[in-house]
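*Asks:* A structural model of the following input is requested.
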Amino acid sequence: MTSRLHQFLTRSPYQQYVYGYPHKTAYRRFDSPRPLEQVWAPERKEARFLYVHIPFCEMRCGFCNLFTTVNPVETVVEKFLTQLEVEAAQTAEVVGPATFTRAAIGGGTPTYLDAKQLERVVTLMRQTMGMGRIPLSVELSPSTVTADKLEVLSQATRLSLGVQSFVEAEVAAVKRPQANGDVNRTLDLIRARSKAHLNIDLIYGMEGQTEASFIGSLETALRWRPEELYLYPLYVRPLTFLGKRAASWDDHRVNLYRAGRDWLTSHGYVQRSMRVFQRRDVAELQLPEYHAEDDGMIGLGVGARSYTKAVHYAHDWAVEPRAVRSIIDDYLARPASSFRSAHSGFELSVEEQQRRWVVLSLFGDGTNDAAFTKRFGVGLFAALPWLSQLLDENLATWTDGTFRLTPRGLEVSDALGPWLFSEEVETRMRAWEAK
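*Replies:* The predicted structure is shown next:
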């Protein structure tokens, strides 16, 4: 085994959840603003993702590292929505008409907004940005879901509810006060009022959680026959109570992961990635063509990011509450014209684009060599020969021209993800963390 791969695999298997690349902490201010008209000019217009970020929550969970602020005064929420509409109008004007084939509203907690406010968000997506009747995913929390909000979201095709655990003591341990009665009523309401596919998020590795209690949460979740379940390992910052017990805690999380994986796959679910489990009898949605590895995403809102092949950009980002509030204040004070350019982000070389392609494909259905070659004009292993180390260590397989992780590779996805990062991205991330 090569030394660098060995270093990553002998650390904690829970180093970082990698769902995109490069990481937002690698973004920096551009030496001069990049006009969006130029940034998007080379991109395909036929397939884009529209994402809107709502940076508000009713509480901040102990494990949360999202860009969000808790219970802002109502005037801040109204000002944010007004500025969001301004950003959308400016973006639509300079980027020009395009066909969106996917859309999502995330956060934060989108359903923190009341029904009328949520309607404003859906309206700007439809009328200002031109979103048609396409797959729309929305994130929810149990205490914020009401019938009138579900009516606003009646065209959503996927609703994702963050439950985390059906054991009240476990969610209380991660500073998420939550009553099972509220969770159950919310799930009943969703199933009664929405035709959308339901995803339930659960977490393993919480203090006091046992294999029996984790399986108990899975059993409870299946009462509502969710089309998907996401199983997330608990992440905490260094020097916390759990962080000081890292080795034994890692073993505990691995054991819970294996127990949950095996239980779900024996109860009618198919594993799609380390975290994603899909009900086996669910028919695949007939979705318009969209390739996350290569097609663009337009993000709106202070916590959103936008992607083209060569340029990723975003507003400033933070986790610490005071820094988040300061960034939101800056966003609210921006002149309309500032939204016509990208001010900070990351410009991707060809190699960085190749790494991103692998990150976005390998941890799911796998990396197809023919598609990679068509995009870059060179085969996967010719471009990134060090990937073959995963074959040598039985962490991946090569079958019918597709590079896929083995069950062991899936299990250590959160160590392999950071291993895929370039030296430049790693250096930038370390510099950001050292601030």
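
*Asks:* I'd like to know how many residues surround Ser344.
*Replies:* If you count neighbours by other C-beta atoms under 10 Å, Ser344 ends up with 17. No exception for glycine: its C-beta is placed from N, CA and C like everyone else's.

*Asks:* given the helix or strand that contains it, what are its sheet partners and their directions?
*Replies:* Element membership for Ser344 (DSSP states H and E) is strand 341-347. Each strand that pairs with strand 341-347, with its direction, by DSSP bridges: strand 28-35 (antiparallel), strand 311-314 (antiparallel).

*Asks:* how about those strands in a markdown table, adding distance to Gly130?
*Replies:* Listed next are the strands paired with strand 341-347 as a markdown table, based on distance: least, C-beta to C-beta, whole Å:
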| stretch | distance to Gly130 |
| --- | --- |
| strand 28-35 | 21 |
| strand 311-314 | 21 |
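
*Asks:* quick one, domains of the protein?
*Replies:* The chain breaks down by automatic domain parsing into domains covering 22-279, 350-433.

*Asks:* adjacent strands (with direction) for the worst-scoring helix or strand of the chain on mean pLDDT?
*Replies:* Lowest on mean pLDDT, DSSP states H and E among the helices and strands of the chain sits strand 69-70, with a mean of 86. If you go by DSSP bridges, strand 69-70 pairs up with strand 56-57 (parallel).

*Asks:* going by neighbour count, which residues in stretch 123-143 are buried?
*Replies:* 124-125, 128-129, 131, 134-143 (16 or more other C-beta atoms under 10 Å).

*Asks:* what is the mean pLDDT for it?
*Replies:* Throughout stretch 123-143, pLDDT has a mean value of 95.

*Asks:* contacts for stretch 306-316?
*Replies:* Under the contact criterion C-beta atoms under 8 Å, 6 or more residues apart in numbering, stretch 306-316 has outside partners 20, 22, 24, 27, 34, 39-40, 42-43, 294, 296-299, 302-305, 327, 330-331, 342-348, 353.

*Asks:* quick one: the next helix or strand after the least confident helix or strand of the chain to strand 341-347, angle?
*Replies:* Helices and strands here follow DSSP H and E; after strand 69-70, the next one along the chain is helix 74-95. When axes from the mean of the first three to the mean of the last three C-alpha atoms, to 10 degrees is applied, the directions of helix 74-95 and strand 341-347 differ by 80 degrees.

*Asks:* hang on, Phe339 packs against Ala92?
*Replies:* No: the pair Phe339 and Ala92 fails to qualify as a contact (C-beta atoms under 8 Å) at a distance of 10.3 Å.

*Asks:* find residues that contact each of those two.
*Replies:* Shared contacts of Phe339 and Ala92 (C-beta under 8 Å, 6+ apart): none.

*Asks:* and these two? Which one has more around it.
*Replies:* Between Phe339 and Ala92, counted using other C-beta under 10 Å, Phe339 has the larger neighbour count: 22 against 18.

*Asks:* which non-adjacent residue is nearest the more buried one?
*Replies:* Of all residues not flanking Phe339 in the chain, Gln90 sits nearest, at 4.0 Å (C-beta to C-beta, 6 or more residues apart in numbering).

*Asks:* from Ser338, how far off is that neighbour?
*Replies:* 8 Å (C-beta to C-beta, to the nearest Å).

*Asks:* which one of the two has more residues nearby?
*Replies:* Using other C-beta under 10 Å, the more surrounded residue of Gln90 and Ser338 is Gln90, with 19 against 14.

*Asks:* what does the pLDDT read for the closest residue to Gly132 other than its chain neighbours?
*Replies:* Leaving out its chain neighbours, the residue that sits closest to Gly132 by C-beta to C-beta, 6+ apart is Phe100, at 7.1 Å. We have a pLDDT of 94 for Phe100.

*Asks:* Gln178 now?
*Replies:* The predicted structure scores Gln178 at 89 on the pLDDT scale.

*Asks:* check Tyr204 too.
*Replies:* The model reports Tyr204 with a pLDDT of 96.

*Asks:* check Tyr14 too.
*Replies:* Predicted confidence (pLDDT) for Tyr14: 93.

*Asks:* list phi and psi for it.
*Replies:* phi -120, psi 80 (degrees, to the nearest 10).

*Asks:* now Asn199, which residues is it bridged with?
*Replies:* Following DSSP bridges, Asn199 is listed with bridge partners Ser160, Glu228.

*Asks:* burial of the closest residue to Leu159 other than its chain neighbours, as a residue count?
*Replies:* Setting aside the residues directly before and after it, Leu159 is nearest to Ala196 in space (C-beta to C-beta, 6+ apart), at 4.6 Å. Counted with other C-beta under 10 Å, residues neighbouring Ala196 total 22.

*Asks:* swap in Arg275?
*Replies:* Arg275: 21 surrounding residues under other C-beta under 10 Å.

*Asks:* distance of it relative to Leu113?
*Replies:* The spacing between Arg275 and Leu113, counted by C-beta to C-beta, is 27 Å.

*Asks:* next: Leu405.
*Replies:* Per C-beta to C-beta, Leu405 is found 38 Å from Leu113.

*Asks:* go on, Asp329?
*Replies:* From Asp329 to Leu113 the distance is 19 Å (C-beta to C-beta).

*Asks:* looking at those two, which is more packed in?
*Replies:* Here Asp329 and Leu113 are compared on neighbour count by other C-beta under 10 Å; more neighbours surround Leu113, at 23 against 12.

*Asks:* list the contacts of that one.
*Replies:* For Leu113, the contact set (C-beta under 8 Å, 6+ apart) comprises 54, 56, 77, 81, 121, 149.
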